[in-house]
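Participant: structure of the sequence below:
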Amino acid sequence: MLANYAQIVRRSAVTTAGVGAIMAVVSLAVGGAKGLIGAVLGIALVAVFFGISVLAVGRAARHSPQAMMITAIATYLIKIVLLLFFVVRFAGTTAFNSRLFGLTALACILAWSAAQVIWSLRLKTPYVEPSGQG
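Facilitator: Sure, this is the predicted structure:
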């Protein structure tokens, strides 16, 4: 199971990196240097957040499915609180284009989520483990 998930994560990361690169170019064209900074920060935020989730959930999966689910929920809640903090903290900033930051982060999140679903469906993963008893 974990070997298949590693393959899904790698493919999803490549897909998301492609979308991030496209968004960086578009942000540079639309918003100039501040647009590019916003896009890079959005890409970094998504990469860090999903990286934390992959590491934490992967580590918890070694223990039990219950630990994996609790870890997934806990990391999700922590990430939502952190995102709320960053949005409030940088709401009025002029250091970067906050709209392009948000748009890039949203595009990368949607790309990651869609890639996870698509690559999960394409892999031939058994959902029942045979017991060997017949």
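Participant: show me where pLDDT drops low in the protein?
Facilitator: For the chain, applying pLDDT under 70 flags the ranges 1-3, 125-127, 130, 132-134.
Participant: in it, which residue is most central in space?
Facilitator: residue 50 (3.6 Å; CA atoms, centre = their mean).
Participant: list of residues touching the helix or strand harbouring residue 113?
Facilitator: According to DSSP states H and E, residue 113 maps onto helix 98-122. The contact list for helix 98-122 (CB atoms under 8 Å, 6 or more residues apart in numbering) reads 7-8, 11-13, 15-16, 18-20, 23-24, 27, 30-31, 34-35, 38-39, 41-43, 45-47, 50, 90-91. Using the backbone N, CA and C atoms, a C-beta is placed for each residue, glycine as well.
Participant: OK, contacts around residue 71?
Facilitator: Applying CB under 8 Å, 6+ apart, the residues contacting residue 71 are 56, 57, 59, 60.
Participant: which of the helices or strands spans the first one?
Facilitator: To tie it back to what came earlier, the one meant is residue 56. Using DSSP H and E, residue 56 falls within helix 2-61.
Participant: tell me which other helices or strands that helix touches.
Facilitator: When contacts are defined as 3 or more CB pairs under 8 Å, 6 or more residues apart in numbering; DSSP states H and E, helix 2-61 packs onto helix 65-89, helix 98-122.
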